[in-house]
Structure formats: structure tokens, C-alpha cells
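Novice: show me the folded form of this:
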Amino acid sequence: MIACSTPAARLRWAPYFEVFTEASTTTDYIALYDYTEKSLKKLVLENFKDDRGLHVHGLDVVQDKSDPSLLWVYVVNHRPQREAGTEHHRGADEAVEIFKTTPGGNSLVHVRTFDDPSVIITPNDVSGSSDGQSFFVTNDYPSRVNKVCGMNDSV
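Specialist: Numbering: from 1, shown residues only. Predicted coordinates for the structure are as follows:
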């Protein structure tokens, strides 16, 4: 599985570089890559209700410890703030989304969103557990804004 976007979308929405334009739309998706066919299959999101969409970055896929036909998918989501246009002052509304699926499945079923700003600050990657209940996340920076010298000096 891979987190997918387009180069154009990344130029308009890249919280790690403090680029916050066109946050209301996203073309990001999660796909299965078939290395024998060299093809991508876009997965359907089920039960994912966040109207801000999925702004993907790192992800992890873990087989369930009790049921080998179940996979847990942990995804970094660089969501826009609910109050549009406040990202330059507040950064993205970062979260980790948990989905479940089956090997070779066509969809991801949303299970839960974790979005604690005291822990999930500037997530880069995530490593999930085999029970769908916990994960480790790496943060690139200790603050959601003014991360890069000179990027936001006027704010």
C-alpha cells in the first residue's frame, strides 16, 4: 500500500513546508501497488466522514495478531483546520487515521481518528500495532508553524 498524491497537489498543500493553499480539495488517495503488473489500484474509503478529506503522508500496514485475514492501516492525515485559512497561524490539524481491510481488498474501512495536538504535532510517519489500538508516530518539528527558518517570518 502506498500514500498517493499528485505533484500539483503537493505544491498547493504541504504542511511540512508550511504551504497551505487549496486545502478544501484533495486528490490524495491510498492505493495497492502490484509490482508484477506495475499498476496501481485506488482503494475506496468506507465510513470516512471527515469533510476535509484525506491528505496522506506516511502509512503503515500491520496484520492483525489474532486474525491473519485482517489488516490494520495507519495513515498520517495532514488535515486543514476547521476554521478555513488559519493554517498559517496554527498549522495543519494533524491526525492519524486507522482503517481496516483484507489482503488484496478494494476498500479501507475507517475505524478511528486520533488527533491529540499535544502528541501528534508534525507527523512524518507512523508505526501501528497488530491490534488496531495503538501506534508510534514521529514528529519532524516541535511546532506546527515557523518550523523552517525564514518560511513564516512575517506571521
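
Novice: need the longest helix for this structure.
Specialist: Among all segments of the chain classified by DSSP state H, the helix with the greatest residue count is helix 7-12.

Novice: neighbouring contacts of that helix?
Specialist: Residues from elsewhere that reach helix 7-12, judged by CB atoms under 8 Å, 6 or more residues apart in numbering: Val19, Thr21, Glu22, Thr26, Thr27, Asp28. Placement of C-beta: from N, CA and C, glycine included.

Novice: okay, now the closest residue to Phe48 other than its chain neighbours: neighbour count?
Specialist: Beyond its immediate neighbours in the sequence, the residue positioned closest to Phe48 (CB to CB, 6 or more residues apart in numbering) is His110, lying 4.1 Å away. In terms of burial, His110 registers 18 neighbours under the definition other CB atoms under 10 Å.

Novice: how is His110 assigned, secondary-structure-wise?
Specialist: Taken by DSSP: H, G, I helix; E, B strand; the rest coil, the conformation at His110 corresponds to strand.

Novice: so how far is Phe17 from it?
Specialist: 27 Å (CB to CB, to the nearest Å).

Novice: check Phe99 too.
Specialist: Relative to Phe17, Phe99 is positioned 26 Å away (CB to CB).

Novice: repeat that for Asp115.
Specialist: When CB to CB is applied, the distance between Asp115 and Phe17 equals 21 Å.

Novice: all strands for this protein, in order.
Specialist: Ranges of strands within the chain are 2-4, 13-14, 19-20, 29-34, 39-42, 44-46, 56-63, 71-79, 93-101, 107-114, 123-128, 135-139, based on DSSP state E.

Novice: Val145 is nearest to which of those strands?
Specialist: strand 19-20 (9.5 Å; CB to CB).

Novice: what does that closest one contact?
Specialist: Contacts to strand 19-20, defined as CB under 8 Å, 6+ apart, come from residues Leu11, Arg12, Trp13, Pro80, Glu87, His88, Ala92.

Novice: my guess is Asp64 meets Leu70, correct?
Specialist: Yes. Under the contact definition of CB atoms under 8 Å, Asp64 touches Leu70, with a separation of 3.9 Å.
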